[in-house]
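Undergrad: can't give you the sequence, but here's the structure:
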């Protein structure tokens with residue numbers, strides 16, 4: 001029975017494959033960070049609305065700072081957005097090194113961010129968040145499998 005299940009679900013067998021799967025999951029944090037910076041720069045300097053891959057947290061910051069000033073470019077809002085993106089990059093750095101805490105914290109923060117997007121009724125960005133969460137969770141599982149094959 002157990003052998004039949006192993007044939008149905010293909011899991012990485014070698015240590016190198018497990019590390020590679022973990023790093024693929026962790027690289028999503030870098031993608032999120034980079035796309036968030038692109039989104040923040042386009043909103044701040046281009047006057048565009050948020051894109052598909054923007055963060056809900058950065059949208060809250062943009063809306064808050066947009067209401068409190070008449071200036072077209074708000075450096076304080078951009079600074080907060082860059083700090084949020086930097087946090088995801090930092091989590092990605094530690095997740096690539098094998099930190100399960102970084103994976104769990106990043107997944108938790110990104111899930112909260114997805115809930116914020118539901119509040120903005122941005123279904124497409126929410127869908128992107130679900131895809132990213134799926135791959136980050138697979139990276140967490142691969143990280144756990146490195147140490148405990150029964151995961």
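TA: Received, thanks. These numbers come from a predicted model, not from an experiment.
Undergrad: Okay, now the unreliable bits of the protein?
TA: For the chain, applying pLDDT under 70 flags the ranges 1-12, 47-50, 67-73, 151.
Undergrad: By residue count, which helix of it is the longest?
TA: helix 15-46 (DSSP state H).
Undergrad: Show me what secondary structure element comes after that one.
TA: Next along the chain after helix 15-46, taking DSSP states H and E as the criterion, comes helix 56-68.
Undergrad: and the angle from that next one to helix 15-46?
TA: Using axes from the mean of the first three to the mean of the last three C-alpha atoms, to 10 degrees, one finds that helix 56-68 and helix 15-46 are set 10 degrees apart in direction.
Undergrad: Now do helix 56-68: which elements does it pack against?
TA: Judged by 3 or more C-beta pairs under 8 Å, 6 or more residues apart in numbering; DSSP states H and E, helix 56-68 is in contact with helix 15-46, helix 75-96, helix 100-119. Heads up, the C-betas are built off the backbone N, CA and C, glycines and all.
Undergrad: Which one, of these, ends up nearest to residue 54?
TA: Nearest to residue 54, of all those, is helix 15-46, at 4.0 Å by C-beta to C-beta.
Undergrad: what angle do the closest one and helix 100-119 make?
TA: 40 degrees.
Undergrad: sorry, back to before: between the helices and strands packed on helix 56-68, which one is nearest to residue 144?
TA: helix 100-119 (6.5 Å).
Undergrad: residues in contact with residue 138?
TA: Residue 138 makes contact with 21, 24-25 under the criterion C-beta atoms under 8 Å, 6 or more residues apart in numbering.
Undergrad: rerun at 6 Å
TA: residue 25 (C-beta atoms under 6 Å, 6 or more residues apart in numbering).
Undergrad: before we move on, what about residue 54?
TA: residue 39.
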